[in-house]
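Asks: what follows is a predicted protein model with its sequence.
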Amino acid sequence: MIYPRKMTARNAERKELLRTIAAFRGRRVLVVGDLMLDQYIRGAVTRISPEAPVPVVRVTGESFIPGGAGNVVSNLAALGAAVSIVGVVGEDEAGRRLSDEFRARGAEVSGVCVDVERRTTQKCRVVAERQQAVRFDRETTGPLSHATESRLLASLAEELPRAEAVILSDYGKGVIGPRLLSAAIPAARRRGIPITVDPKPEHFRRYRGVTCVTPNTSEAWACMRREPKTGEEPLLALGREILKVLDSRSVLITRGPDGMSLFEPRGRVVNIPTVAREVFDVSGAGDTVISTLTLALAAGAPLPRAAVLSNHAAGIVVGKLGTATTTPDEIAEDLR
């Protein structure tokens with residue numbers, strides 16, 4: 001039987017995507033970034049408080065999951081990677097719980113530094129009837145001490161030689177700073193392994209030389225200190241400018257319902273449309289994108305194929321409630 005050329009190409013592409021997914025397991029990925037503990041208190045609202053005009057939430061459940069760079073760890077673990085972590089926690093219950101959560105996912109935590117002078121970043125969300133009613137944040141703001149940063153760099157130097165890829169997960173909490181970036185990026189480049197970054201505007205121009213930077217549209221405009229513009233051409237010009245400024249191998253701008261745009265040198269732009277589905281919760285989708293993209297690169301996939309897989313993975317997690325992860329089997333099923 002003779003198949004149309006387009007169908008043959010589509011089948012060949014799907015086989016390559018499935019081959020990459022099969023190569024996920026056991027790939028060693030190092031996550032460097034701001035670790036957080038996310039606490040969820042769930043309940044139902046049945047009345048208004050007589051003490052103040054606020055709802056009374058009758059608590060029915062409580063859960064703790066890794067947040068920030070920890071959600072990247074969770075995503076990678078669910079995808080089958082062997083994950084190691086470089087980050088900072090406080091000497092507190094939240095830090096101990098976070099380390100326990102990582103161990104339960106099979107992640108290596110010897111690179112996590114304990115700072116007795118800092119609190120582990122913890123975000124407590126009260127969710128009533130699927131709506132977030134209020135959030136409480138507990139954290140230490142400000143840069144790391146010189147001593148803690150030096151310990152962090154020592155952990156990086158120990159963990160990076162064993163990695164097949166590195167993710168810098170920058171949430172602006174102090175771990176990702178000039179000293180760490182000036183050590184991590186050149187070290188990864190020397191070893192010839194991919195290094196990707198989920199960016200923040202504060203350090204944007206210090207990400208020079210990374211394999212891929214993965215801002216969403218609003219982050220991309222903010223990182224370049226520009227007022228957002230609508231339309232396709234301004235976004236294309238923005239992506240090309242980021243690529244030039246960072247001298248990076250690529251830029252992947254995530255565009256919500258408009259999919260993704262992958263920018264590579266010599267003006268190559270690959271637009272990846274969103275897979276049609278019902279969206280329940282977009283929280284954590286950016287962590288899924290960078291996790292899947294980087295793991296695919298570690299497995300030997302070219303950038304466009306890695307971006308397509310990350311698009312499918314993100315489409316799966318936004319169809320789930322809460323900060324979620326996906327698995328190789330779910331992605332493979334989504335490709336069929």
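Replies: Received, thanks. Numbering: from 1, shown residues only.
Asks: CA atoms for contacts and neighbours, from now on please.
Replies: Fine.
Asks: which helix runs longest in the protein?
Replies: helix 5-22 (DSSP state H).
Asks: so what does that helix touch, helix or strand wise?
Replies: Judged by 3 or more C-alpha pairs under 8 Å, 6 or more residues apart in numbering; DSSP states H and E, helix 5-22 is in contact with helix 328-335.
Asks: and the helix it packs on, what's buried?
Replies: 328, 331, 332 (16 or more other C-alpha atoms under 10 Å).
Asks: ok so, going back, strand partners of the next helix or strand after the longest helix of the chain, parallel vs antiparallel please.
Replies: Sequence-wise, the next helix or strand downstream of helix 5-22 (DSSP states H and E) is strand 28-33. According to DSSP bridges, strand 28-33 forms sheet pairs with strand 82-90 (parallel), strand 165-169 (parallel).
Asks: dump those to a markdown table, plus distance to residue 268.
Replies: As requested, the strands paired with strand 28-33 are exported to a markdown table (distance: least, C-alpha to C-alpha, whole Å):
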| stretch | distance to residue 268 |
| --- | --- |
| strand 82-90 | 32 |
| strand 165-169 | 24 |
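Asks: would you mind finding the most buried of these?
Replies: strand 165-169 (a mean of 27; mean count of other C-alpha atoms under 10 Å).
Asks: which residues touch that strand?
Replies: 28-34, 68-69, 72, 160, 176, 188, 193-199, 290-291, 294-295, 297-298 (C-alpha atoms under 8 Å, 6 or more residues apart in numbering).
Asks: packing partners for the following helix or strand past it?
Replies: Using DSSP H and E, the helix or strand that follows strand 165-169 in sequence is helix 178-191. Contact here means 3+ C-alpha pairs under 8 Å, 6+ apart; on that basis helix 178-191 packs against helix 146-159, strand 195-198.
Asks: run the last query once more with 6 Å
Replies: If contacts are counted by 3 or more C-alpha pairs under 6 Å, 6 or more residues apart in numbering; DSSP states H and E, helix 178-191 sits against no helix or strand.
Asks: quick one: it to helix 146-159, angle?
Replies: Taking axes from the mean of the first three to the mean of the last three C-alpha atoms, to 10 degrees, helix 178-191 and helix 146-159 form an angle of 10 degrees between their directions.
Asks: so which bits of helix 178-191 are buried?
Replies: By 16+ other C-alpha under 10 Å, the buried positions in helix 178-191 come out as 180, 181, 184, 185, 187, 188.
Asks: can you tell me the average pLDDT over it?
Replies: Averaged over helix 178-191, pLDDT sits at 97.
Asks: what's the offset of that helix from the middle of its chain?
Replies: Remark: helix 178-191 is offset 19 Å from the chain centroid, using C-alpha atoms, centre = their mean, to the nearest Å.
Asks: same check on stretch 237-255?
Replies: 17 Å.
Asks: from start to finish, how long is it in a straight line?
Replies: 15 Å (C-alpha to C-alpha, to the nearest Å).
Asks: what comes up buried for it?
Replies: Quick answer for stretch 237-255 (16+ other C-alpha under 10 Å): 238-240, 242-244, 246-255.
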